[in-house]
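>>> sequence first, then the predicted structure, then my questions.
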Amino acid sequence: MPENKQKFTEKHAELWKFIKFSFAGAGSSIVEIIVQLLCTSVIFKSLLTVTLNVPALNFIGIESKGYLFSYLISITVGYTIAFILNRKVTFHADSNPAVSITLYIIMVIFTIFAGAWLGSVLSGWGMGLVDKGWNQTIVDFICKLIQMAIPTLWTYPLNRFVIHRKRKPKGENAETENTTEA
């Protein structure tokens with residue numbers, strides 16, 4: 001590792017972890033979007049007209065079988081990539097993988113429904129701005145950025161301190177836990 005980068009990562013270990021977490025999230029999101037587009041435009045295109053009447057799924061915007069299958073596959077791919085990158089690269093976790101996976105799945109389910117609720121709230125707020133003369137595309141973009149950014153308030157701390165923990169070496173106190181391996 002170049003000396004300047006090593007000095008930075010040692011001096012700003014927590015910031016460096018957040019930067020890596022952000023890149024893992026962005027990279028996995030790009031793959032997730034590509035898989036989603038491939039599934040909806042090619043693989044499950046014929047099922048996009050087969051409607052679903054499941055209120056919980058309709059609440060998060062899933063109204064057809066084609067979209068459901070596309071969503072499940074793409075979100076599984078995206079979150080799996082993020083999990084592996086964060087476990088191995090960002091946090092160098094060595095905690096029990098089964099426990100980490102279980103906690104991660106719970107966090108993801110919560111995040112999906114919280115994000116859907118947040119999206120509906122922001123949509124109402126955005127429509128108010130459009131009614132006041134704002135450009136619809138700009139409002140949609142701003143709302144989507146906010147909807148994507150807010151879950152970081154809980155996903156980073158949960159990933160960092162709960163899901164992807166490092167075991168304490170014998171004899172170390174809790175203050176030094178999870179601070180090594182920038």
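That came through fine.
>>> how about residues contacting stretch 107-127?
With contact meaning CB atoms under 8 Å, 6 or more residues apart in numbering, stretch 107-127 is reached by 59-61, 75, 79, 139-140, 142-143, 146-147, 150-151, 154-155, 158-159, 163. Every C-beta, even on glycine, is put in place using the N, C-alpha and C of the backbone.
>>> among these, which ones are in helices?
59, 75, 79, 139-140, 142-143, 146-147, 154-155, 158 (DSSP state H).
>>> phi, psi of the nearest residue to residue 71 once chain neighbours are set aside?
The shortest distance from residue 71 to any non-neighbouring residue, by CB to CB, 6 or more residues apart in numbering, is to residue 62 (5.8 Å). Backbone torsions for residue 62, taken as degrees, to the nearest 10, come to phi -100, psi 110.
>>> distance of residue 62 relative to residue 53?
11 Å (CB to CB, to the nearest Å).
>>> tell me which of these two has more neighbours.
residue 62 (19 against 7; other CB atoms under 10 Å).
>>> quickly note the distance from the more buried one to residue 47.
12 Å.
>>> might you report the residue contacts of the residue nearest to residue 71?
52, 54, 68, 71.
>>> mind giving me the domain split of this protein?
9-90, 95-167 (automatic domain parsing).
>>> residue 3: which of these is closest?
Residue 3 sits nearest to domain 9-90 of all the domains of the chain, at 10.6 Å, using CB to CB.
>>> excluding chain neighbours, what is closest to the most centrally placed residue in the chain?
Closest residue to the average C-alpha location of the chain: residue 25 at 5.8 Å, with CA atoms, centre = their mean. Spatial nearest neighbour of residue 25, excluding adjacent residues (CB to CB, 6+ apart): residue 82 at 5.8 Å.
>>> correct me, but the one you found touches residue 22?
No - using CB atoms under 8 Å, residue 82 is not in contact with residue 22; the gap is 10.8 Å.
>>> sketch out the low-pLDDT regions of this structure for me.
Along the chain, segments meeting pLDDT under 70 span 1-2, 171-182.
>>> the longest helix in it is where?
Criterion DSSP H: the longest helix present in the chain is helix 97-131.
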